[in-house]
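A.B. asks: sequence plus predicted model, see below.
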Amino acid sequence: SKISKPIVVDILARITRHFDVIAIQEIRAKDQDILPLFVEAINNGGRQYDYVIGPRLGRSSSKEQYAFVFDRASIEVDRQQLFTIDDRRNDLLHREPFVGWFRVRGPPASQGFTFSLVNIHTDPDEVAEEIGVLDDVMRAVRDDGRNEDDVILLGNFNADDRHFGELGRMP
């Protein structure tokens, strides 16, 4: 519904232009035009933003998607390294995290700062259980074979840091 409100889109686009990369949760739309329309609004300011979006996820009929929106002038994403955490066997997460591997543009590829972003929206009714699994998610992304030591877990946790348990004690 926000995309149909020009004033809201304008405010969100202006805010986004202050950042090199943002993570979005709770994308719920029948059509796949939400992100292209939003990125077009951002780019109306003369910028060159792009996006990547994950699959529709969730146990209920109301599926959600995650996305990353990034400034192509300063950030690049390895589209071959985008993935959703596989939790089908244990089904511990209502919506499995969407992971992207990014690199800062500028220095040669071998010297550029790289990082992984793990986008998550914990279910408000299952926060304690889902937060309890996120330390395992962090380890899985950190140890996925890419040797990436800069892993950032972000999104809507539906909890504050006092409830992070094992995740909050990770170095």
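C.D. replies: Ah, there it is.
A.B. asks: what segments of this structure are strands?
C.D. replies: Remark: strands assigned in the chain by DSSP state E are 21-27, 49-53, 65-71, 75-77, 83-84, 98-104, 114-121, 151-156.
A.B. asks: and those strands, which is most packed in?
C.D. replies: The highest mean neighbour count among the strands of the chain, using mean count of other C-beta atoms under 10 Å, belongs to strand 65-71: a mean of 23. For every residue, glycine as well, the C-beta is placed using N, CA and C.
A.B. asks: how near is the residue most central in space within the chain to P171?
C.D. replies: Nearest to the mean C-alpha position of the chain, by C-alpha atoms, centre = their mean, lies N119 at 3.2 Å. For N119, the distance to P171 equals 22 Å [C-beta to C-beta, to the nearest Å].
A.B. asks: name the residue most distant from the centre of this structure?
C.D. replies: Distance-from-mean max, the chain, by C-alpha atoms, centre = their mean: P108 at 25.3 Å.
A.B. asks: outside of stretch 11-30, which residues touch it?
C.D. replies: Contacts to stretch 11-30, defined as C-beta atoms under 8 Å, 6 or more residues apart in numbering, come from residues 2-3, 34-35, 38, 41-42, 44-45, 47, 49, 53, 62-71, 74-75, 102, 104, 117, 119-121, 154-156.
A.B. asks: give me the pLDDT for the residue farthest from the centre of the chain.
C.D. replies: In this model, P108 is scored at 88, pLDDT.
A.B. asks: same question for the one 3 residues further on.
C.D. replies: Confidence at Q111, expressed as pLDDT, is 89.
A.B. asks: mind checking how far the closest residue to Q32 other than its chain neighbours is from R169?
C.D. replies: Leaving aside its sequence neighbours, Q32 sits nearest to I53 (C-beta to C-beta, 6 or more residues apart in numbering; 8.0 Å). Separation of I53 from R169 (C-beta to C-beta): 32 Å.
A.B. asks: output the lowest mean pLDDT helix or strand found in the chain.
C.D. replies: Here the helix or strand of the chain ranked lowest by mean pLDDT, DSSP states H and E is helix 165-168, holding a mean of 91.
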